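# the sequence isn't on hand, but the structure is:
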């Protein structure tokens, strides 16, 4: 039996647990402060890692964190701009640094944690790899997956399923990440556009052109949606091979 390694979306883990330890304190006379115990947060994460290792039955884990310099912002400056003024948990940066020192959490230059996991999940290795996240975008990556917020076991996503999910996202966009996809296209309409077609990109291009947008616009939206796979990032130069239709 192959050794199993769990590839964990450290961004989500750090944020979830850092938010959980925040406590508002009322000192009276209308004075409130926000309190967070980083030690408690670290303890929670250690316990959680023990739980998920047992749940997924893996021998080892690897945490991944996003790089502050994100290549998608070079493609579209408004990408995730909706989060710019949103307050982050006060111990979040401390926890990120601790994850790097305690667990060797990795940051790939110019990439989000999603991309780093996508690269590692899709490259050929001797061990069996499982991606762990609660992000629906992970369904665009072929391989084994585990969502710790759902009552499910490890499940597989085929390349065909991942490609379909990717093309769907190129149409629908992602409001959470602040890119809109094709105007007027939601999940149901995207399903109709892609239903029964052999040329997904041709159908997507046609949907964008129908609302007066060029193929270049469609391509930018697809590249924002694309979680990188093996061969799409040069580890030595940090250069991204942007997705393009065959």
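Cool, the structure landed. These numbers were taken from a predicted model, which means no experiment stands behind them.
# quickly list the domain ranges of this protein.
Listed domain ranges for the chain are 4-25+34-157, 160-225 (source: automatic domain parsing).
# and of these, who's closest to residue 234?
The closest of these to residue 234 is domain 4-25+34-157. By CB to CB, the value is 10.5 Å. Backbone N, C-alpha and C define where each C-beta goes, glycine included.
# what about the closest one, distance to the chain center?
Counting by CA atoms, centre = their mean, to the nearest Å, domain 4-25+34-157 is centred 8 Å from the centre of its parent chain.
# gap between the two ends of it?
Length of domain 4-25+34-157, first residue to last, CA to CA, to the nearest Å: 17 Å.
# residues contacting the residue nearest the centre of the chain?
By CA atoms, centre = their mean, the chain has its centre lying nearest to residue 114, at 3.6 Å. For residue 114, the contacting residues are 9, 66, 133, 135, 137, 138, 227, by CB atoms under 8 Å, 6 or more residues apart in numbering.
# with distance to residue 151, neighbour count and secondary structure added, can I get those residues in JSON lines?
JSON lines is the format used below for these (distance: CB to CB, whole Å; neighbours: other CB atoms under 10 Å; DSSP: H, G, I helix; E, B strand; the rest coil):
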{"residue": "9", "distance to residue 151": "19", "neighbour count": "24", "secondary structure": "strand"}
{"residue": "66", "distance to residue 151": "27", "neighbour count": "19", "secondary structure": "coil"}
{"residue": "133", "distance to residue 151": "16", "neighbour count": "24", "secondary structure": "coil"}
{"residue": "135", "distance to residue 151": "17", "neighbour count": "20", "secondary structure": "coil"}
{"residue": "137", "distance to residue 151": "20", "neighbour count": "19", "secondary structure": "helix"}
{"residue": "138", "distance to residue 151": "17", "neighbour count": "23", "secondary structure": "helix"}
{"residue": "227", "distance to residue 151": "24", "neighbour count": "27", "secondary structure": "coil"}
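# out of these, give me the two with the largest separation.
Within those, 66 and 138 form the most distant pair, 14.1 Å apart (CB to CB).
# tabulate the domains of the chain (JSON lines), appending distance to residue 237 and mean pLDDT.
Below are the domains of the chain laid out as JSON lines (distance: least, CB to CB, whole Å; pLDDT from 0 to 100):
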{"stretch": "domain 4-25+34-157", "distance to residue 237": "10", "mean pLDDT": "96"}
{"stretch": "domain 160-225", "distance to residue 237": "18", "mean pLDDT": "97"}
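# which of these sits closest to residue 244?
Nearest of these to residue 244, taken as CB to CB: domain 160-225 at 7.1 Å.
# show me how far the closest one is from its chain's centre.
18 Å.
# so the residue nearest to the centre of the chain: helix, strand or coil?
Per DSSP: H, G, I helix; E, B strand; the rest coil, the local secondary structure of residue 114 is helix.
# who's the nearest residue to residue 62 once chain neighbours are set aside bridged to?
Sequence neighbours aside, residue 7 is the residue nearest to residue 62 in space, at 5.5 Å (criterion: CB to CB, 6 or more residues apart in numbering). Legend: beta-bridge partners of residue 7 under DSSP bridges are residue 62, residue 131.
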